[in-house]
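>>> output the structure for:
(2 chains)
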Amino acid sequence: MTDTRTKIRKTVYTLVVVFWIFAPLYLNNYWTDVLNNVAIYAILGLSLNIILGYGGMFHMGHAAFYAIGAYTTAIINTTYGIPVLWLMPVAGISAGLFALVVAKPIIHLRGDYLLIVTIGMVEIVRIALINNVFGITGGANGIFGISSPSIFGYSINGIVQTGQFFYLITAFLAITILLFYLLEHSRFGRALKYLCSDEIAAEGSGINTAGYKLAAFVVGAFWAGMTGTLYASKITFISPESFSFWESVVMFMIVILGGSGSIPGVLLGAILIIGLPEVFQELQQYRLLIFGLALVAMMVFRPQGILPPKPHEYPVESLDESEVTL
Amino acid sequence: MSLLRVNNVTKRFGGLVAVDAVSFDIPEGSVFGMIGPNGAGKTTVFNLITGNYKVDGGNIVFEDQDITNRVTHKIVKLGIARTFQTIRLFANMSLMENVLSGYHCRMTSGILAAMFRMPWQYREERRAMGKALAELKFVGLADQARNLARNLSYGNQRLLEIARALASNPRLIILDEPAGGMNEQETARLVDLIFRIRDRGITVLLIEHDMSLVMKACEYLVVLEYGKKIAEGVPDAVKEDPLVIEAYLGSEDENDDL
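Here you go, the predicted structure:
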């Protein structure tokens, strides 16, 4: 029973990967661009998943970190002309530092309280961008003329060459999945899952809960910041509108709907929430209604998400007698 | 030599003095018991030692280090592990994963080592798994390593909590009513387990209601009532202490517990 289930699972995953990789060959520019958006939100969802999924912290301000990454990229690129891909780590670090400063005083807040504060955070960031803080964000107009990413001197325009951009972003998505998978099944990932499950027990077992919560925020923000670079270089123009509270809600929904704490779940969530509305374009005006109904139905019938995480199987049998020591 | 010294420790909750200038010394390598009627402040003393509550007066010294009001996870790292009176396991995780949490503070690999799967990180994970399985074996749950914690019986959940605490390589383990919810057979096995823990060189501090367990397992007892220490000594002496009899048992006819 479970054997056939894993078989089905594996077959489905393989098919999705194959269809995904060859997508630009059979899809037109428009649909390839839809997949590019799905991929961007998948990465954002995976980065939020570290905070919300593993750590169980209700963080609804993830767009703030995404915005800081995008704006860092845009400002440095348009002022100093540094190639955008080089700016990915810089964008990540600035978003990570911002998360460190902002999250430190609020990290002890629980559930709904944290939710409210993070909503405030993302709004403050958006309003600061509109008000042109330090005179470098371009106000409500945003920043134009960001370079496209270039690899070995070959420039990829994210709007025209959607196919090439697709492979760039797919590569980053693949790396993200691999690294986050390893992270999930490590000491760090476990610590987050422990504190999500029972904070007092986790602290009592020797886990620095406050430290790990903060670390989760920094790692999640770092990744969202790097994704901001990709986004800015894709559309070469950014404005505060792209980083509204709604964006944070979308990321939150991707994680919760797909299955918080589950990498396949988050990927599915991104496909459903970003990709599906494009399929039903004719129903544009009912889109939000269907969205809302779907979410309500989910919360009632499957609150753990469509693909909830499965308990990790530790290879207990592979341990040698001599390795089992007190 | 005393491993843990509790010095005039006081804790107030608003106007209520939950723990009132309590002092005792726990000698290294002993099984030390703390008894007292419900609400006497036993668990509060535990929570003060492990840093869950802030101490209002007095101090706590562990191996010549003042640990008063330190953060809980640092106290665990220094070598004091505990179990909870109300079982607090990670219910939806396997037994293996539950015990691994105890060994966490003895591991060092960070985020980058995990992401790039450095060889030392991999070796450390193997070592942690071996340690966790060994602790499960020690308490007799190794064959259920893959099961989820919530599927265990009540008594076995208590054992799993002990395994998790032991995985942190403690010098002192604090067991908060470990026999709660156990049947007689399980309690007998628990006494044996407590002795085996002591034989590993780990000092045991035990809070317990089950008097037969306390009398069998403990070498030394402290008795609390209304947050004050009213007696201490070897079990046989404490049992005869008129103050203890009055406080703990109330009237003569409820005496059958002893």
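>>> the top helix by length along chain B vs chain A: in contact?
Longest helix in chain B, counting residues (DSSP state H): helix B:119-139. Yes: residues of helix B:119-139 are located near chain A by CB under 8 Å from any CB of the partner chain, namely B:121, B:124-131, B:133-135, B:137-138. C-beta: built from backbone N, CA, C; applies to glycine.
>>> could you pull out the helices for chain B?
B:42-49, B:72-78, B:95-103, B:111-115, B:119-139, B:154-166, B:184-199, B:211-217, B:235-240, B:242-244.
>>> run through the bridge partners of residue B:82.
Beta-bridge partners of residue B:82, counted by DSSP bridges, are residue B:174.
>>> helices of the stretch 51-200 of chain A, residue ranges please.
A:62-80, A:88-103, A:111-130, A:162-184, A:187-197, A:199-204 (DSSP state H, counting those that start in this stretch).
>>> and the strands in chain A?
Ranges of strands within chain A are A:150-151, A:154-155, based on DSSP state E.
>>> residue of the stretch 1-150 of chain A with the smallest distance to chain B?
Using CB to the nearest CB, the single residue of the stretch 1-150 of chain A nearest to chain B is residue A:50, 10.0 Å away.
>>> how far away is the spatially closest residue to residue B:140 that is not a sequence neighbour from residue B:171?
The spatially closest residue to residue B:140, leaving aside those adjacent along the chain, is residue B:159, at 6.8 Å (CB to CB, 6 or more residues apart in numbering or on different chains). As defined by CB to CB, to the nearest Å, residue B:159 lies at a distance of 21 Å from residue B:171.
>>> what about the two, which has more around it?
Between residue B:159 and residue B:171, residue B:159 has the larger neighbour count (other CB atoms under 10 Å in any protein chain shown), namely 24 against 17.
>>> the more buried one against residue B:137, yeah?
No: using CB atoms under 8 Å, residue B:159 is not in contact with residue B:137, being 11.5 Å away.
>>> number of nearby residues for the nearest residue to residue A:108 once chain neighbours are set aside?
Leaving out its chain neighbours, the residue that sits closest to residue A:108 by CB to CB, 6+ apart is residue A:210, at 6.8 Å. Using other CB under 10 Å, residue A:210 is surrounded by 16 other residues.
>>> so who does residue A:187 touch?
Residue A:187 makes contact with B:104, B:107, B:109, B:114, B:124, B:125, B:128, according to CB atoms under 8 Å, 6 or more residues apart in numbering or on different chains.
>>> same thing with residue A:221?
A:47, A:65, A:68, A:95, A:96, A:98, A:99 are the contacts of residue A:221 under CB under 8 Å, 6+ apart.
>>> Serialize those residues to a markdown table and add fields for distance to residue B:31 and neighbour count.
Converted to a markdown table, the contacts of residue A:221 look like this (distance: CB to CB, whole Å; neighbours: other CB atoms under 10 Å in any protein chain shown):
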| residue | distance to residue B:31 | neighbour count |
| --- | --- | --- |
| A:47 | 49 | 29 |
| A:65 | 52 | 38 |
| A:68 | 56 | 25 |
| A:95 | 53 | 31 |
| A:96 | 48 | 24 |
| A:98 | 52 | 22 |
| A:99 | 47 | 29 |
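>>> near chain B too, which of those?
When the contacts of residue A:221 are filtered against chain B using CB under 8 Å from any CB, no residues are retained.
>>> in JSON lines: those, plus pLDDT.
Formatted as JSON lines, the contacts of residue A:221 follow (pLDDT from 0 to 100):
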{"residue": "A:47", "pLDDT": "98"}
{"residue": "A:65", "pLDDT": "98"}
{"residue": "A:68", "pLDDT": "97"}
{"residue": "A:95", "pLDDT": "98"}
{"residue": "A:96", "pLDDT": "98"}
{"residue": "A:98", "pLDDT": "97"}
{"residue": "A:99", "pLDDT": "97"}
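>>> max pairwise distance over these: which two?
The span of those, defined through CB to CB, is set by A:47 and A:98 at 13.9 Å.
>>> name the residues contacting each of these two.
The contact lists of residue A:47 and residue A:98 share A:65, A:221, where a contact means CB under 8 Å, 6+ apart.
>>> for residue A:280, give me the backbone phi and psi.
The phi/psi pair for residue A:280 (degrees, to the nearest 10) reads phi -100, psi 40.
>>> what do you get for residue B:182?
phi -100, psi 150.
>>> distance of the nearest residue to it once chain neighbours are set aside from chain A?
Closest residue to residue B:182 apart from its sequence neighbours, by CB to CB, 6+ apart: residue B:155 at 4.5 Å. Applying CB to the nearest CB, to the nearest Å, the value for residue B:155 to chain A is 19 Å.
>>> residue B:155: neighbour count?
19.
>>> ditto for residue A:76
Neighbours around residue A:76, by other CB under 10 Å: 19.
>>> show the pLDDT at it.
pLDDT, residue A:76: 96.
>>> just the one 10 residues further on next, same as before
At residue A:86, the predicted lDDT confidence score is 94.
>>> around chain B, which positions in chain A sit nearby?
So chain A meets chain B at A:179, A:182-183, A:186-191, A:193-194, A:197-198, A:200-209, A:215, A:219, A:311-316, A:319, A:323-326 (CB under 8 Å from any CB).
>>> list only buried entries from these.
Buried subset of the residues of chain A next to chain B (neighbour count, 16 or more other CB atoms under 10 Å in any protein chain shown): A:179, A:182-183, A:186-191, A:193-194, A:197-198, A:201-209, A:215, A:219, A:314, A:316, A:319, A:324.
>>> distance between stretch B:22-33 and the chain's centre?
12 Å (CA atoms, centre = their mean, to the nearest Å).
>>> what's around residue B:235, how many residues?
With other CB under 10 Å as criterion, residue B:235 counts 18.
>>> quick check: closest non-adjacent residue to it.
Leaving aside its sequence neighbours, residue B:235 sits nearest to residue B:215 (CB to CB, 6+ apart; 4.9 Å).
>>> so how far is residue B:208 from that neighbour?
Counting by CB to CB, the gap between residue B:215 and residue B:208 amounts to 10 Å.
>>> next one: residue B:125
Per CB to CB, residue B:125 is found 36 Å from residue B:208.
>>> those two: which is more packed in?
Each of residue B:125 and residue B:208 has its neighbours counted (other CB under 10 Å); residue B:208 has more, 23 against 19.
>>> the more buried one touches residue B:33, doesn't it?
Yes: Residue B:208 lies in contact with residue B:33 (CB under 8 Å); the separation is 6.6 Å.
>>> overlap in contacts, the two.
Shared contacts of residue B:208 and residue B:33 (CB under 8 Å, 6+ apart): residue B:214.
>>> tell me the pLDDT at residue A:14?
Note on residue A:14: pLDDT of 94.
>>> what about the nearest residue to residue A:111 once chain neighbours are set aside, how many residues nearby?
Leaving aside its sequence neighbours, residue A:111 sits nearest to residue A:58 (CB to CB, 6+ apart; 5.6 Å). Here the count is done by other CB under 10 Å, and residue A:58 has 20 residues near it.
>>> who touches residue A:58 in this structure?
Taking CB under 8 Å, 6+ apart, one finds A:52, A:111, A:112, A:114, A:115, A:118 in contact with residue A:58.
>>> and if you look at residue B:17?
B:10, B:11, B:227.
>>> residue contacts, the residue of the stretch 1-150 of chain A closest to chain B?
Listed by CB under 8 Å, 6+ apart, the contact partners of residue A:50 are A:180, A:183, A:192, A:216, A:219, A:220, A:223.
>>> ok, now how distant is the residue nearest to residue A:111 from residue A:115?
Counting by CB to CB - residue A:58 and residue A:115 are separated by 4 Å.
>>> need the contact list for residue B:168.
Applying CB under 8 Å, 6+ apart, one finds that residue B:168 lies in contact with A:205, A:206, B:76, B:77, B:79, B:81, B:102, B:103, B:104, B:105, B:106.
>>> who wins on neighbours among these?
Neighbour counts for the contacts of residue B:168 (other CB under 10 Å) peak at residue A:205, which has 32 neighbours.
>>> tell me the contacts of the residue lying closest to that one once chain neighbours are set aside?
Once flanking residues are discounted, residue A:205 sits nearest to residue B:101: 4.4 Å by CB to CB, 6+ apart. By CB under 8 Å, 6+ apart, residue B:101 lies in contact with A:190, A:191, A:194, A:201, A:202, A:205, A:206, A:207, B:90, B:164, B:167.
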